[in-house]
Structure formats: C-alpha cells, structure tokens
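Peer 1: Build the 3D model from these lines:
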Amino acid sequence: DLNFGKITKDRPNATEAIAIHVESNIGSPYKITQQMADAISASDGASLEDGSVTFAVTGGSNGTAKMTGSPSRISEAPALLYISNDKGGGDDLQVQYSLNPSLKQKAGIYAGNISFKIESSSAFFSNQVFNIPVYVEIESVFYLDVEADQGSGLHFGTYRTGEEKQDSRVVLTVHSNVGEPYQVSQIVSRKLTNQEGAFIPKQHFTFFGSEAQTGLLTVMSSKEVPEGESVVFTSNKTGSPEKFILNYTLTVPKEAKSGSYSSDIKYSITTL
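Peer 2: Below you'll find the model as predicted:
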C-alpha cells in the first residue's frame, strides 16, 4: 500500500514511492495509466482536499516516461505515466508521491485507492488493473500562538510627561483542524498597578481587534480592557484556523504616581 503515516505539527508533509517493474515479450507497445479509483476520505465523509497529493515519474529507460519534472496533482481522470518502445520490452519506473495537506485539513484517518492500468493492443496480452490502497492519518491540532511586538509581552516604554499615548499589539494565531467552533479569550489578572499599589484608571488602557478573515471579533472599536476573562474572538461554524491582532493603547494621566506599572494578560482557546 501507499502509507503516508501520521501528519503532525512536527511532520506536516510526507513522501512515498511506488516502484513498477514490467517484464514483457509481447512484441508490441503498451502503456501505463494511473488514476484515483476511490477518493481519499475519512469515515465521517471528509475528503482530502484536492491537490494535497502530487506525483512525478522517473525511470523508463526502454520507453518514454510521462509526468516527469514538476509534480502533478493526482486526480480521478486517467493520467498517462508511460509508453513502451515499439517492441513492448520490459522496463522499470518509479512514481514519487508527496502529501502536503493544508493546515485546515480536518483531523482523521483517510483511506482510498490508486489504480494502475496496463493496456496493449497485442493479442497475447489482456489489459490489467492494479489497485493500491492509500492511507494517511491527520493528527488533531488545536493550539494558540501568541506573538507580542516586544517578544515577551506588552511593553509601553517610559512615560515622561502626562497624557502620553503609546501603542502595542499582540498577534494571535489559532491552529485548528478539529472541525469544531471555538472561542479565544483574554484573561487580565488586575489593573496596571505599581509596587505601592497605585493603579492606572481603566479608561486609560484600551484595546480593539483587527484583521480577522473568518469568524467574529467581539471588540472592533476601542474600549476599556476589562479585568478577568472575556471573549475576544468566536470562530465560524467549521472552526477554521485564524490569525488576528489585538491592538492596545495606554495613556497615562498627569496625576499618575511615578513607578513601574504592570499586570498579567493571558490568552486561551476553547471549543464550543
């Protein structure tokens, strides 16, 4: 069989090969074609996205190998792989396969069949079809990447005069293929507070979301950063992967006491 194994976060693609050895003395030309006999699909009906599997042919020293060079998509339509010489002599081919599923390919165990057909007009040969099972497992992926402008967190620098305004942002990337809707939440432990217990009034610390392509951002215009846990994004019904930005603005009032102010902000994802 053609077993691509398990696709994971650390192994996002796979390669396999099939060797074809032909012994022949029929004395007339023959050809070999390939097609997807049964779509690569999971038990729940999900199919491997079109273009996920590509192939290229090498070898064929006694005839003419086709589909060489740049990889081609495997399809349900027959693809000519090889034409023998006029005498229909034996030959050797290799078909190299690459699996590159998209990041949104739903998790599951997928199976299908590729068929190879050998045809000739010779009276001494009956056309033959060989079915090769195809197998791949897509591991479940559900995690959140958080990337702040300053690397380790939200940093607003030093304020030297009252009413200064500085911006910072966080890029959140959701990786998901579980096929279920989800929410992204922001968890703020406390107000921005210094070592003496003084804090920045909440109306001076605001945020809004931007650049989401699917789903719904709950804060599209600037509003106060709330304490505790609050939902900032809800995915579409199929739980598509997403990347969006949370933009933060901090304005320090003139009457604010000097010192270093800090808080903790965390982010989480949960399925619905």
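
Peer 1: drop to CA atoms for contacts and neighbour counts, all remaining ones
Peer 2: Fine.

Peer 1: which residues of the stretch 151-272 of the chain score low on pLDDT?
Peer 2: Counting by pLDDT under 70, the ranges of the stretch 151-272 of the chain that qualify are 162.

Peer 1: let's go with 90 and repeat that
Peer 2: Counting by pLDDT under 90, the stretch 151-272 of the chain has low-confidence residues at 151-166, 195-196, 198, 200, 252-262.

Peer 1: which SS state does the residue nearest to Gly27 when sequence neighbours are not counted fall under?
Peer 2: Among residues not flanking Gly27 along the chain, Lys87 sits closest, at 4.5 Å (CA to CA, 6 or more residues apart in numbering). On the three-state scheme (DSSP: H, G, I helix; E, B strand; the rest coil), Lys87 is labelled coil.

Peer 1: count of neighbours near Lys87?
Peer 2: If you count neighbours by other CA atoms under 10 Å, Lys87 ends up with 15.

Peer 1: next one: the one 4 residues further on
Peer 2: Counted with other CA under 10 Å, the burial measure for Asp91 works out to 18 neighbours.

Peer 1: repeat for Leu48
Peer 2: 22.

Peer 1: again with Ser222
Peer 2: Ser222: 14 neighbours (other CA under 10 Å).

Peer 1: measure the nearest residue to Glu119 once chain neighbours are set aside to Ala107 for me?
Peer 2: Spatial nearest neighbour of Glu119, chain neighbours left out: Asn127 (4.8 Å); criterion: CA to CA, 6+ apart. Distance of Asn127 to Ala107, computed by CA to CA, to the nearest Å: 38 Å.

Peer 1: Comparing these two, which residue is more hemmed in?
Peer 2: Using other CA under 10 Å as the criterion, Asn127 and Ala107 rank with Ala107 on top: 19 against 12.

Peer 1: How about the contacts made by that one?
Peer 2: 137-141, 177-179 (CA atoms under 8 Å, 6 or more residues apart in numbering).

Peer 1: my read: Val231 touches Gly209, true?
Peer 2: No: contact criterion CA atoms under 8 Å: Val231 and Gly209 do not qualify, at 11.3 Å.

Peer 1: Spatially central residue (nearest the centroid) of the chain, please.
Peer 2: Centroid check for the chain by CA atoms, centre = their mean gives Leu103 as the closest residue, at 1.0 Å.

Peer 1: Got the phi and psi for that residue?
Peer 2: Torsion angles at Leu103 (phi, psi; degrees, to the nearest 10) stand at phi -70, psi -20.

Peer 1: Kindly report the same for Lys202.
Peer 2: phi -60, psi -30.

Peer 1: For Leu192, see how far away it is.
Peer 2: Applying CA to CA, the value for Lys202 to Leu192 is 8 Å.

Peer 1: for Phe142, same thing?
Peer 2: In terms of CA to CA, Phe142 sits 31 Å off from Leu192.

Peer 1: More neighbours: those two, which one.
Peer 2: A count of neighbours by other CA under 10 Å puts Leu192 above the other of Phe142 and Leu192, at 20 against 15.

Peer 1: Return the residues in contact with the more buried one.
Peer 2: Counting by CA under 8 Å, 6+ apart, Leu192 touches 199-200, 261-263.

Peer 1: any idea which of those is closest to Ala123?
Peer 2: Ser263 (83.6 Å; CA to CA).

Peer 1: Can you tell me the element the residue nearest to Val174 when sequence neighbours are not counted falls in?
Peer 2: Nearest residue to Val174, sequence neighbours excluded (CA to CA, 6+ apart): Leu144, at 4.7 Å. For Leu144, the host element (DSSP states H and E) is strand 142-148.
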